[in-house]
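Peer 1: Let's see this in three dimensions:
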Amino acid sequence: MNAPAERTVRHFLDIADFDAVTLQALIAEARRRKQARAGLPHGVADSDRPLDGRVLAMIFDKQSTRTRISFDVAMRQLGGTTIMLTGSEMQLAREETIADTARVISRYVDAVMIRLLDHEMVLDLAANATVPVINGLTKLSHPCQVLADLVTFEEHKGPIKGRLVAWSGDSNNTLASWVHAAVRLGFSLRVASPPELSARPALREWVKANGGDVRFGDDPQKAVAGAECVISDAWVSMGDEDSTKRHNLLKAYQVNSRLMSGAAKDAIFMHCLPAHRGEEVTDEVIDGPQSVVWDEAENRLHAQKAILKWCLGKS
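Peer 2: Now for the predicted structure:
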């Protein structure tokens with residue numbers, strides 16, 4: 001059998017890879033698809049099914065709730081199907097290279113979504129695949145989540161350009177994608193993290209090189225002052241070690257009613273979930289009127305649809 005003809009492949013690997021026009025188009029498409037589904041049962045496919053006959057491979061090396069379900073349902077509602085795989089059941093477990101895996105799987109499916117902590121392996125997969133590769137999460141970034149977060153912000157607060165967003169907690173992969181988004185979409189981001197868990201030098205240098213309004217500090221009260229959105233995340237993520245030390249370092253960064261009172265009166269609270277209640281956020285905040293975490297979780301589905309449609313050339 002002859003190799004498939006070469007064509008332009010659209011990967012979705014990092015928010016930093018896109019300009020503001022493309023990101024806003026993805027946000028608009030996600031919101032349009034959400035509005036079009038208003039009132040429809042979950043099992044009903046979209047009336048517009050641009051991915052009929054397409055197959056998405058989903059590869060995971062760790063547990064997943066939102067990424068797995070949202071991509072699976074998104075693909076089905078767009079008319080396509082999915083195959084769920086884990087590294088342990090593939091030849092990757094027997095040391096087949098990620099490059100060889102990419103070349104083979106590209107002959108079987110139309111796109112690959114991979115959730116793998118090793119960021120370089122995901123980049124290697126994309127470099128050798130002849131179908132779109134979507135970064136479902138790595139240790140360094142979480143672009144699908146942050147696209148859904150951007151959808152959620154604009155759904156509740158209007159255009160994000162020129163607005164003020166605050167982060168309190170660990171400088172993790174989700175924060176990195178928020179940093180990328182702030183620079184690309186022109187909003188201000190204030191980050192508060194303990195010095196021991198501050199943002200990677202490479203991320204700071206990227207901000208300097210691209211001229212974004214992102215400020216890194218260690219005072220959560222200063223970070224949230226006047227912010228229209230406050231974000232937190234788990235103190236201990238997959239692959240992190242020494243959880244006791246992390247908890248001790250991050251106690252002062254908990255998002256509670258006192259911290260939220262320093263933000264704008266109509267500020268919203270976001271968390272990508274799963275939340276460890278009583279640690280990075282209190283019940284009164286995550287269950288309170290300022291919380292939009294359930295809309296945020298739902299919007300993973302709609303953001304994923306926009307990503308899939310864009311990657312498969314259906315923009």
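Peer 1: Can I get whatever helix or strand Ala209 lives in in CSV? Just the C-alpha atoms.
Peer 2: Ala209 belongs to helix 201-210 when elements are defined using DSSP states H and E. What follows is the C-alpha trace of helix 201-210 in CSV, where atoms were taken according to Å, rounded to 0.1, in the frame of the first residue of the first chain:
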residue,chain,number,x,y,z
PRO,A,201,12.4,30.3,33.9
ALA,A,202,11.6,29.3,30.3
LEU,A,203,8.0,30.4,30.8
ARG,A,204,9.1,33.8,32.2
GLU,A,205,11.5,34.3,29.4
TRP,A,206,8.7,33.5,26.9
VAL,A,207,6.6,36.2,28.4
LYS,A,208,9.4,38.8,28.2
ALA,A,209,10.1,37.9,24.6
ASN,A,210,6.4,38.2,23.6
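Peer 1: Not counting that helix itself, show me its contacts.
Peer 2: The contact list for helix 201-210 (Cβ atoms under 8 Å, 6 or more residues apart in numbering) reads 16, 171, 176, 179-180, 183, 214, 216. C-beta here means a position set from N, CA and C on the backbone, and glycine is covered the same way.
Peer 1: Mind checking which of the residues you listed are in helices?
Peer 2: In helices, judged by DSSP state H, the following of the contacts of helix 201-210 are found: 176, 179-180, 183.
Peer 1: Buried subset of those residues, written for PyMOL?
Peer 2: Only the buried entries of the ones in helices among the contacts of helix 201-210 go into this PyMOL selection, using 16 or more other Cβ atoms under 10 Å:
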select buried, resi 176+179+180+183
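Peer 1: Nearest to Val236, out of the ones in helices among the contacts of helix 201-210: which one, please.
Peer 2: Each of those was checked against Val236 using Cβ to Cβ; the closest is Ala176, at 17.2 Å.
Peer 1: got a pLDDT number for the closest one?
Peer 2: Note on Ala176: pLDDT of 98.
Peer 1: quick one, what contacts the spatially closest residue to it that is not a sequence neighbour?
Peer 2: Beyond its immediate neighbours in the sequence, the residue positioned closest to Ala176 (Cβ to Cβ, 6 or more residues apart in numbering) is Ser141, lying 4.9 Å away. Contact partners of Ser141, counting by Cβ under 8 Å, 6+ apart, are 14-15, 119, 135, 173, 176-177, 180.
Peer 1: Then Thr174?
Peer 2: Listed by Cβ under 8 Å, 6+ apart, the contact partners of Thr174 are 142, 145-146, 231, 233, 272.
Peer 1: Where does it sit: helix, strand or coil?
Peer 2: Thr174 carries the three-state label helix when classified by DSSP: H, G, I helix; E, B strand; the rest coil.
Peer 1: any idea how far the spatially closest residue to it that is not a sequence neighbour lies from Trp178?
Peer 2: Ranked by Cβ to Cβ, 6+ apart and with sequence neighbours excluded, the top spatial neighbour of Thr174 is His142, at 4.6 Å. From His142 across to Trp178, the span is 9 Å (Cβ to Cβ, to the nearest Å).
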